[in-house]
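A.B. asks: sharing a model that was predicted from the sequence below.
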Amino acid sequence: MSEPILKVEHIQAKYGDFLAVSDASMEVPAQQVVSLIGANGAGKSTMMDCVAGVHTPTSGKVFFKGEDITGLPAHEIVTRGLCLVPQGSRCFVRMSVEDNLIMGSFPKAARAHMKDSLDRVYELFPVLKEKRNDASGSLSGGQRQMVAIGRALMTRPELILFDEISLGLAPTIIKDIYARIKQINQEGMSVVLVEQDVKRSRKASESCFVMLKGRVVLSGPSQELSEEAIKNAYFGI
Ligand code: ATP
């Protein structure tokens, strides 16, 4: 197995006094796809927010490429090569598709490759090229999700975290987006897929981590964990 690009060690995270993540650890081997699975409210987004610097954990450590990034601000973490696509396909709705994408190339190293990155995003999602001058607010939900993914790719990440990108999308769009993620991974990018869908995430990943009530309760290679074992952990059976 390759060296982990990401190591999360015993993260604990709160909102005020409420303990949303009590003890969560995970590892992402370089160039692999790892799933983080769990029901509504299990703590998946909070954990990813802690990794990406959007939320500060109360204890625990996050290591990216061997360096301690715990508590660093999100923009600094992006600059180091780790980018989160947050839940809800967030776009600047009044801005054009292309301007939304260009915003992703804010890290200095990414700016130098902006044109190539933009071409690559348009190659992955040709519909965005067609609609490059349209306001993002006029796009469908799936297309907006593509913009959010494209903007993350513009930062030129080595590790990308996708937080429930399939939420609310039609099955054909989900299939298409997952095919693009596979392609991105095959080109060398490490991926974390946060999902509620056990079948889809198990199939798409090399290893799985299952969260329940703020804890990682099961983990292992996706092929070695049965769908039933994952579902039992997911529901706490
Ligand atoms: P979902 O799939 O619904 O996004 P999740 O597994 O990602 O769920 P989180 O969003 O991390 O779970 O939420 C974990 C817990 O923290 C839940 O009980 C949720 O209600 C709570 N929570 C999340 N965000 C906040 C917040 N901003 N303020 C207070 N509580 C929050």
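C.D. replies: It's in. These numbers were taken from a predicted model, which means no experiment stands behind them.
A.B. asks: ok, now which ones touch residue 60?
C.D. replies: Listed by C-beta atoms under 8 Å, 6 or more residues apart in numbering, the contact partners of residue 60 are 8, 9, 10, 11, 12, 24, 25, 50, 70. The C-beta positions use only the backbone N, C-alpha and C, and glycine is treated the same way.
A.B. asks: now swap in residue 22 and tell me
C.D. replies: 12, 213, 214, 215.
A.B. asks: could you do residue 93 as well?
C.D. replies: Residue 93 is in contact with 135, 136, 137, counting by C-beta under 8 Å, 6+ apart.
A.B. asks: quick check: it vs the ligand, distance?
C.D. replies: 22 Å (C-beta to the nearest ligand atom, to the nearest Å).
A.B. asks: repeat that for residue 70.
C.D. replies: Taking C-beta to the nearest ligand atom, one finds residue 70 at 18 Å from the ligand.
A.B. asks: for residue 130, grab the count of nearby residues.
C.D. replies: 12 (other C-beta atoms under 10 Å).
A.B. asks: top of the contacts of residue 22 by neighbour count?
C.D. replies: residue 214 (23 neighbours).
A.B. asks: state the distance from that residue to residue 208.
C.D. replies: Per C-beta to C-beta, to the nearest Å, residue 214 is found 18 Å from residue 208.
A.B. asks: follow-up on the earlier one: which of the contacts of residue 93 are buried?
C.D. replies: Neighbour-count burial within the contacts of residue 93 applies to 135, 136; the criterion is 16 or more other C-beta atoms under 10 Å.
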